[in-house]
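Chemist: I would like to see how this sequence folds:
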Amino acid sequence: MAVLNEQWTYDEAFAQLEAVLVQLERGDQPLEQALELYEQGAALAAHCARRLEEAELRVRQWQPGDQTTAFDGWQEN
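Modeler: Model prediction:
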């Protein structure tokens, strides 16, 4: 498992987080390894949250009055 790289994009970090979760869900690691995976996952989740916050701030800068526009009715196909 790779160590967190602060330069990773959201997608890169999220892919690593998914890999950590798969390993944890298997449940076949010794306690110390499971703890390391948990710590990596927590760091990756925090990194992803920071990236999302940065994206939200960028969007707010584009919106008049620093207000975001809701994406009501938007659905992924």
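Chemist: hey, let's count contacts and neighbours off CA atoms from now on
Modeler: OK.
Chemist: Below-threshold pLDDT in the protein: ranges please.
Modeler: Scanning the chain for pLDDT under 70 picks out the ranges 1-2, 63, 65-77.
Chemist: Mind giving me the packing neighbours of the longest helix belonging to it?
Modeler: In the chain, with assignment by DSSP state H, the single longest helix is helix 31-62. Identification of packing neighbours for helix 31-62 by 3 or more CA pairs under 8 Å, 6 or more residues apart in numbering; DSSP states H and E yields helix 10-26.
Chemist: tell me which residues in the helix it packs on are buried?
Modeler: Buried residues in helix 10-26, counted by 16 or more other CA atoms under 10 Å: 10, 13-14, 16-17, 20, 23-24.
Chemist: and the most centrally placed residue in the chain, what is it in contact with?
Modeler: The centroid of the chain falls nearest to Cys48 when counting by CA atoms, centre = their mean (2.7 Å). Shown in contact with Cys48 (CA atoms under 8 Å, 6 or more residues apart in numbering): 10, 13-14.
Chemist: Those residues into TSV, with extra columns for distance to Ala34?
Modeler: Below are the contacts of Cys48 laid out as TSV (distance: CA to CA, whole Å):
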residue	distance to Ala34
Tyr10	23
Ala13	19
Phe14	19
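Chemist: Looking at the residues you listed, which is nearest Leu44?
Modeler: Distances from those to Leu44 were compared by CA to CA; the smallest belongs to Ala13, at 6.0 Å.
Chemist: doesn't Ala46 make contact with that closest one?
Modeler: No - in this structure, Ala13 is not within contact of Ala46 by CA atoms under 8 Å, at 9.8 Å.
Chemist: nearest to Leu52, of the buried residues of helix 10-26?
Modeler: Nearest to Leu52 out of those is Tyr10 (CA to CA; 7.5 Å).
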